[in-house]
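K.L.:
Whatever this is, show me its structure:
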Amino acid sequence: MTNIKNIIFDIGSVLLEYRWEDMLMDHGLSREDAIKIGTAMFTDPLWSGMDLSSTGEEQAIIESYHRKYPEYGDTIEWFINHCEYMHVPREDVWERVHQLKGLGYTLYLLSNYPETMFHKHTDNAPFIADMSGGIISFQVKQIKPNAEIYQSLLRKYDLVADECLFFDDRADNTEGARKQGIHAITVTSRQFLVDELDKIIAAKNS
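P.N.:
Take a look at the predicted model:
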């Protein structure tokens, strides 16, 4: 991958840590209930609808959660409305992102996110200043791992797929990128990502 010019990052579990389980426990749930409710919320197809939603559209999805899960709809609504408590900085990753920018790589975001949550999680995040652009699912009403969202990014910034490297924590999303000719690495842990970025930085400096 010596021809890489552009590095594309997912956000959740890549540039940011997520603490959804602890967040639900802070709200008073047991660990068992936090895992049960969080898993139901995130794995339900309704969450894909959340990732496509603009501000003002989330309430209809929240109401659908209430109908589908009446026993814990209030908890899901609280979680969605207080998502600013969900993310944790990955400053060691951000430092390396900044180094990559300084080494001449062009950096982009490609992430599934509802509009309100995206702004709550990124408006004050330092890594945003290092990005030359990106595509977020709510902006284009497209979602990973569908082919359209990768193509939207390539077209918008006139990128050559073979010159791009994509980091995402989900194997289906990295596989989706590869199907479009984009090099991709599945992020399995924070330390794994740090090590991979260090390899790129070291190779560029050698």
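
K.L.:
could I get the helix or strand encompassing residue 172 in PDB with only the CA atoms?
P.N.:
Using DSSP states H and E, residue 172 falls within helix 171-179. Coordinates of each C-alpha in helix 171-179 appear next as PDB, following Å, rounded to 0.1, in the frame of the first residue of the first chain:
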ATOM      1  CA  ALA A 171     -15.600  -6.000   9.400                       C
ATOM      2  CA  ASP A 172     -18.700  -5.600   7.200                       C
ATOM      3  CA  ASN A 173     -17.800  -1.900   6.600                       C
ATOM      4  CA  THR A 174     -14.200  -2.600   5.700                       C
ATOM      5  CA  GLU A 175     -15.300  -5.400   3.400                       C
ATOM      6  CA  GLY A 176     -17.700  -3.000   1.800                       C
ATOM      7  CA  ALA A 177     -14.800  -0.600   1.200                       C
ATOM      8  CA  ARG A 178     -12.700  -3.300  -0.300                       C
ATOM      9  CA  LYS A 179     -15.500  -4.100  -2.800                       C
END
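
K.L.:
Can you name every helix or strand that it contacts?
P.N.:
Other helices and strands packing on helix 171-179, by 3 or more CB pairs under 8 Å, 6 or more residues apart in numbering; DSSP states H and E, are helix 147-156, strand 164-168, strand 183-186. For the C-beta atoms, the positions are set from N, CA and C on the backbone; glycine is no exception.

K.L.:
and for the longest helix along the chain, what are the contacting residues?
P.N.:
Counting residues, the longest helix found in the chain (DSSP state H) is helix 190-205. Here helix 190-205 makes contact (CB atoms under 8 Å, 6 or more residues apart in numbering) with 4, 7, 14, 17, 90, 92-93, 96-97, 99-100, 103-105, 165, 167, 185, 187.

K.L.:
Determine which stretch of the helices and strands packed on helix 171-179 is the most buried.
P.N.:
Of all these, strand 164-168 carries the top mean neighbour count, a mean of 25, counting by mean count of other CB atoms under 10 Å.
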